[in-house]
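Colleague: Got a predicted model here, sequence first, then my questions.
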Amino acid sequence: MKKTASLLGTAILALSLSACGGGSSPASTASTAAAVEAAPSGLITAGQLKICIDPEYAPLEYFSNGTSGDIIGFDADGARALASYWGLTPTFQQAAFDGLMPALQAKRCDVMWSGLYTSEPRLQVADGAKYLNTGPGIIVAAKNKDSIKVADDLCGKTVAAQNGGANAATVRALGEKCVQGGKGNINVAEYPKVTETVLAVTNGKADALVETDVAIADIVAKSNGALAPVEGIFPTDTTFGVFTIKGGPLSEPVAKAVKALISKGTLAELAKKYGLNPDKLVKG
């Protein structure tokens, strides 16, 4: 989903902060287990780990009741595990997707763990601890599942992607190659929410949707046969990251703790719980 964007514009920052909230749930405010390591310095609030998250991206982060309830998913539970590692209470700060980075920059949260790629534009303004290998995939209407076999088959078509995301940037770059090759450009239809990109394909407004591979299986499974995946078009060549303020006091401790959660098998168990492949966890 995710994701590159113009990250720090004043107008975007104002909008994003209005979208942020103290979206704590019973699970996120419960007492934590004994710390494995001492909590690092530099936390916004002593005894708490504040996490920026956009809970509308299953199986990484989503509401247990669809639009309400606890925030669950691989990322959400991973953030809880990170808080527990330091003996802290996790508190979720909800933000719209394109408001996540501005919220981190405005110090509304200590970490941003919400299914964002460690893209170069992001790493220029924030530090990212890599934890899961991923890459873009394609979803089409089931009736059109044989219409796209290679990347060039997207030339001249309308392709949906989440607004401000790396997947949208990938599609635009492919569109430029289409034009250079004498083919029609790709019309990139960007929407604020993943659910809106899915609807665009379902109702025929878009020919295809480009989304991260971890989300595709969940989206297709919930479509009641209306959608189908197209695999092997794009390489799995990027990673999701846990982001912190660039050069801030939490960057090194977060990177160390994420590695520990991987090496101890904590994140592998969560991957299995949410139907993800543990072999895609970033090791070493």
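Modeller: Ah, there it is.

Colleague: End to end on stretch 173-192, go ahead and measure it.
Modeller: 20 Å (Cα to Cα, to the nearest Å).

Colleague: Stretch 153-170 now?
Modeller: End-to-end distance of stretch 153-170 (Cα to Cα): 15 Å.

Colleague: Tell me the buried residues in that stretch?
Modeller: Neighbour counts over stretch 153-170 (16 or more other Cβ atoms under 10 Å) mark 153-155, 157-170 as buried. Every residue, glycine included, has its C-beta placed from N, CA and C.

Colleague: Take these and keep only those in strands.
Modeller: Of the positions in the buried residues of stretch 153-170, 158-162 sit in strands, assigned by DSSP state E.

Colleague: Tell me which residue of this structure is furthest from the middle?
Modeller: What lies farthest from the middle of the chain is residue 182; by Cα atoms, centre = their mean that is 33.9 Å.

Colleague: can you give me the helices for the protein?
Modeller: Assigned helices in the chain, in chain order: 10-19, 26-29, 74-85, 100-105, 120-125, 166-180, 194-202, 213-221, 251-263, 266-273 (criterion: DSSP state H).

Colleague: that older thread, and which of the ones in strands among the buried residues of stretch 153-170 is nearest to residue 220?
Modeller: Comparing those against residue 220 with Cβ to Cβ places residue 160 closest, at 14.7 Å.

Colleague: Might one say that the closest one is in contact with residue 204?
Modeller: No. The pair residue 160 / residue 204 is not scored as a contact, 11.2 Å apart, by Cβ atoms under 8 Å.

Colleague: wait, residue 83 sits on residue 47?
Modeller: No. Using Cβ under 8 Å, residue 83 is not in contact with residue 47; the gap is 10.0 Å.

Colleague: The two - which one has more neighbours?
Modeller: The residue with more neighbours, out of residue 83 and residue 47, is residue 83; 26 against 12, by other Cβ atoms under 10 Å.

Colleague: distance of the more buried one from residue 281?
Modeller: From residue 83 across to residue 281, the span is 19 Å (Cβ to Cβ, to the nearest Å).

Colleague: just for the protein, where's the confidence low?
Modeller: By pLDDT under 70, the low-scoring segments of the chain are 1-33.

Colleague: Next, name the residue at the spatial heart of it.
Modeller: residue 115 (1.9 Å).

Colleague: Run through the residues that contact the residue lying closest to that one once chain neighbours are set aside.
Modeller: Closest residue to residue 115 apart from its sequence neighbours, by Cβ to Cβ, 6 or more residues apart in numbering: residue 60 at 4.2 Å. Going by Cβ atoms under 8 Å, 6 or more residues apart in numbering, residue 60 touches 73-76, 114-115, 214-215, 240, 274.

Colleague: Distance to residue 130 for the residues you listed - can I get that in a markdown table?
Modeller: Shown next, in a markdown table, are the contacts of residue 60 (distance: Cβ to Cβ, whole Å):
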| residue | distance to residue 130 |
| --- | --- |
| 73 | 18 |
| 74 | 15 |
| 75 | 13 |
| 76 | 18 |
| 114 | 14 |
| 115 | 13 |
| 214 | 14 |
| 215 | 18 |
| 240 | 7 |
| 274 | 18 |
